[in-house]
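>>> whatever this is, show me its structure:
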Amino acid sequence: MVETLKNLVIPVLTEKLKLHHSIYRLPCTSEFLEELVSDSLHSVGYTNDWKPNRSHSISVDMNLDVGPSFSIKSGVYDDQKGSLTFSGSRLGKHKTLEEMIKSINDTSADYYICVAKRESDWSTTPTKSQTKYYHVFLFKADVINYNAVWDTKENGVFFMGSEGLSAKIVPSMSHQLWTTVSENIVGSPVKLEI
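Residues are numbered from 1 along each chain as shown. Predicted coordinates for the structure are as follows:
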């Protein structure tokens with residue numbers, strides 16, 4: 001399904017990002033990105049249940065009518081390290097690390113679509129005429145395993161690391177989950193030029 005979705009959705013998403021940047025200079029993120037992905041999926045025959053209600057549901061942003069669920073993320077691509085970094089749920093409502101990890105595992109979507117940018121590709125103040133670059137990752141969620149050993153670092157940050165994957169939960173950010181994963185695990189991105 002990953003390759004099928006890449007082949008069908010990415011050309012449509014590219015055109016929708018061009019429309020976004022005909023109006024906006026800033027990168028497309030959060031609910032705006034979710035809507036573009038939802039519309040792109042609809043355009044190629046994958047109806048889904050995404051609604052423009054600014055929902056901050058945990059992990060799952062939309063379900064296809066044919067079954068699989070998706071988490072849509074913006075992120076940062078480091079091509080020198082071959083890694084993708086993205087943020088996840090805020091887990092502050094859970095009292096213990098064990099409850100946080102259980103929540104991450106219990107609410108996982110089936111697939112991730114991450115539309116990342118390389119910091120070096122974007123000016124801090126983008127112009128209308130500046131070419132915009134995105135790197136699209138589409139991968140099965142189960143390639144990311146949060147069940148490794150977690151440690152507590154300074155400032156109460158929880159941290160885990162395994163081959164090609166690291167994650168942290170940052171208390172000062174409402175216990176937000178941050179994940180960095182290698183291309184060896186999630187595959188190489190498709191580069192978009194807008």
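>>> pretty sure residue 12 contacts residue 44?
Yes - counting by C-beta atoms under 8 Å, residue 12 does reach residue 44; the two are 6.0 Å apart. From N, CA and C alone the C-beta is placed, and that goes for glycine too.
>>> and the residue lying closest to residue 44 once chain neighbours are set aside, how far from residue 33?
Nearest residue to residue 44, sequence neighbours excluded (C-beta to C-beta, 6 or more residues apart in numbering): residue 8, at 4.2 Å. Residue 8 is 18 Å from residue 33, where distance means C-beta to C-beta, to the nearest Å.
>>> now do residue 6
For residue 6 relative to residue 33 (C-beta to C-beta), the value is 17 Å.
>>> neighbour-wise, which of these two wins?
Comparing residue 6 with residue 33 by other C-beta atoms under 10 Å, the one with more neighbours is residue 33, at 23 against 19.
>>> residues contacting that one?
Listed by C-beta atoms under 8 Å, 6 or more residues apart in numbering, the contact set of residue 33 reads 72, 74, 115.
>>> about what we covered before: isn't the residue nearest to residue 44 up against residue 42?
No - counting by C-beta under 8 Å, residue 8 does not reach residue 42; the two are 11.4 Å apart.
>>> comparing those two, which residue is more hemmed in?
Just comparing residue 8 and residue 42: by other C-beta under 10 Å the higher neighbour count belongs to residue 8, 16 against 13.
>>> quick check: that one vs residue 81, distance?
Counting by C-beta to C-beta - residue 8 and residue 81 are separated by 30 Å.
>>> try residue 33
Counting by C-beta to C-beta - residue 33 and residue 81 are separated by 23 Å.
>>> quick one: the strands in this structure?
62-63, 69-78, 83-90, 111-117, 133-140, 150-152, 158-162, 165-170, 176-182, 190-193 (DSSP state E).
>>> for those strands, give me CSV that also has mean pLDDT.
Shown next, in CSV, are the strands of the chain (pLDDT from 0 to 100):
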stretch, mean pLDDT
strand 62-63, 95
strand 69-78, 97
strand 83-90, 94
strand 111-117, 97
strand 133-140, 98
strand 150-152, 93
strand 158-162, 95
strand 165-170, 97
strand 176-182, 97
strand 190-193, 97
